[in-house]
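> how would this look folded up:
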Amino acid sequence: MRATSMVGTLTCLLLAAACSSPAHQDGNAAPAGSPAPTTSTVTTGSPIPPPISPSSTPSARPSSTATRPTSLVLGPNGIGSLKLGMTRQQATGTGLLRAFASDTGGCTPAYLRAAPSEEGTVLLSSTLGIATIDAYAGIKTPEGARIGMSSAEMLRIYPAWTAADGDATNGRGFAKTPGNSKAVYRIETIKGKVVQLTLQYANQDCYE
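Residues are numbered from 1 along each chain as shown. Take a look at the predicted model:
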């Protein structure tokens, strides 16, 4: 009976030892008592910034091309790209004029596109080409003459202005055009104010 009891006790001890042994782990399990493995992160460099979206890039502003003169100056040869002496085709090609009127046998009129209605008259001579160009309010000569200025101011700018009819207060006359010996400024005044300013050939054949 004592031997049987000892066998039973030994069997229980063996079973208890088996139950307390560590469970099997797949892979390379670390031995009992060894520190847990550490995981290292490999740095491959600075992160690559995301590509810039096309919608975030500034778009270029479209350039605009105006048909009016870039500078409102009635110079010795014309205004903007419109010049004295141009043919009908050349003048139309500048884009600065409204359509020419029908031929009437004399000088053919057109109007500056940027001018108020019925102002900025341009006359086309059959022999001289563009022969006269009228200014309108806001346009100046290079020397500063303009419609609306006083006769006294005009005379300070063009002291050699010569009256063809009347006088500087109420009249019509001509001033030499600096830079173009073939042209003159035709300047008309009423009640001491400049009311008309025209660049024209000195020998124009469209009116007096």
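> check what contacts stretch 149-157 and list those residues.
With contacts defined as Cβ atoms under 8 Å, 6 or more residues apart in numbering, stretch 149-157 is touched by 141, 143-145, 161, 168-169, 187, 189, 192-194. (Each C-beta comes from the backbone N, C-alpha and C, glycine too.)
> what about the strands in the chain?
78-79, 82-83, 108-111, 121-125, 129-134, 162-166, 171-176, 183-190, 193-201 (DSSP state E).
> report the buried residues of stretch 109-127.
Within stretch 109-127, the residues that qualify as buried are 109-112, 114-115, 120-125, counting by 16 or more other Cβ atoms under 10 Å.
> tell me the mean pLDDT for stretch 142-161?
Computed over stretch 142-161, the mean pLDDT rounds to 98.
> pull out the buried positions in it.
Buried residues in stretch 142-161 (16+ other Cβ under 10 Å): 145-147, 149, 151, 153-154, 157-158, 161.
> quick revisit: the strands of the chain: which one's closest to Leu96?
Closest to Leu96 of the strands of the chain, according to Cβ to Cβ: strand 82-83, at 4.8 Å.
> what packs against the closest one?
Applying 3 or more Cβ pairs under 8 Å, 6 or more residues apart in numbering; DSSP states H and E, one finds that strand 82-83 contacts strand 129-134.
> what's in contact with the strand it packs on?
74, 78-79, 82-88, 90-91, 107, 112, 119-125, 186, 196-201, 204-206.
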